[in-house]
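# Please find the sequence and the predicted model below.
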Amino acid sequence: GAVQSLFEGAMYIFVLQWPPAFKMLVAKGASVPFGTIFACLMTACMLGSSVFGLLLKTGISVENFVAGMVAVSAASLAGAAWALQSHPRGALHIAAVCFFLFEACVGLYFPSVGTLRSKYVPNSHKSAVMNLFRVPLNVIVITTFLQIDRLGVVGALACASCVLSIAFASAVALRGKKEKVEDKPK
């Protein structure tokens, strides 16, 4: 539940910040092809979803690749924030690659979290548990956007990266829980 709340909070921050991020990176007066960028983001998401099936076939546990996916997500938004902050030559390309990588992680996230939810949350409690975890998700998003004038795009993406770092710690803890459950004698 913690991974879900934190990841989705970061995802909603990203959804509202990628358009202004691209506006910052293009030459003044140039138009931003939002439709093309959105189509590319959705393609990256689809590719991430496709990777889920491939990862399952390798025998890697869902808990393990979720931890890796969350780490890559945190790094990609941190990289985009760095590119936006420093504005070196090629920052547009760096930010775009980071955003597409994050969106591929979003694609991998949805089937992964659905699998984990079915594994760890009993059906009898699923709706109550999932609704409770919506509270921190909303707190993350609302708090970030109440402070958006101070944070700006770079700060919001940095906050999302920090939230994903906490999600990574939660995913690692879940891996530990899985190992303890598997080690118990039956």
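Perfect, thanks for sending it. Numbering: from 1, shown residues only.
# elements contacting the longest helix seen in the chain?
If each helix of the chain is counted by residues according to DSSP state H, the longest one is helix 148-183. Of the remaining helices and strands, those touching helix 148-183 by 3 or more CB pairs under 8 Å, 6 or more residues apart in numbering; DSSP states H and E are helix 2-25, helix 62-86, helix 134-146. Placement of C-beta: from N, CA and C, glycine included.
# That helix versus helix 2-25: what angle between them?
150 degrees (axes from the mean of the first three to the mean of the last three CA atoms, to 10 degrees).
# pLDDT weak spots in this structure?
Low-confidence segments of the chain (pLDDT under 70): 88-90, 131, 177-186.
# Run the chain-centre distance for stretch 43-58.
Stretch 43-58 has its C-alpha centroid displaced from the chain centroid by 15 Å (CA atoms, centre = their mean, to the nearest Å).
# picking up where we left off before, next, format the helices and strands packed on helix 148-183 as a markdown table and append mean neighbour count and distance to Ala104.
Output for the helices and strands packed on helix 148-183, formatted as a markdown table (neighbours: other CB atoms under 10 Å; distance: least, CB to CB, whole Å):
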| stretch | mean neighbour count | distance to Ala104 |
| --- | --- | --- |
| helix 2-25 | 21 | 13 |
| helix 62-86 | 21 | 9 |
| helix 134-146 | 15 | 21 |
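# could I get these as a markdown table with distance to Leu108?
Below are these laid out as a markdown table (distance: least, CB to CB, whole Å):
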| stretch | distance to Leu108 |
| --- | --- |
| helix 2-25 | 11 |
| helix 62-86 | 5 |
| helix 134-146 | 19 |
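# Which one of those lies nearest to Ala160?
Of all the helices and strands packed on helix 148-183, helix 2-25 sits nearest to Ala160, with 3.9 Å by CB to CB.
# Please compute how far that closest one lies from its chain's middle.
For helix 2-25, the distance to the chain centre is 8 Å (CA atoms, centre = their mean).
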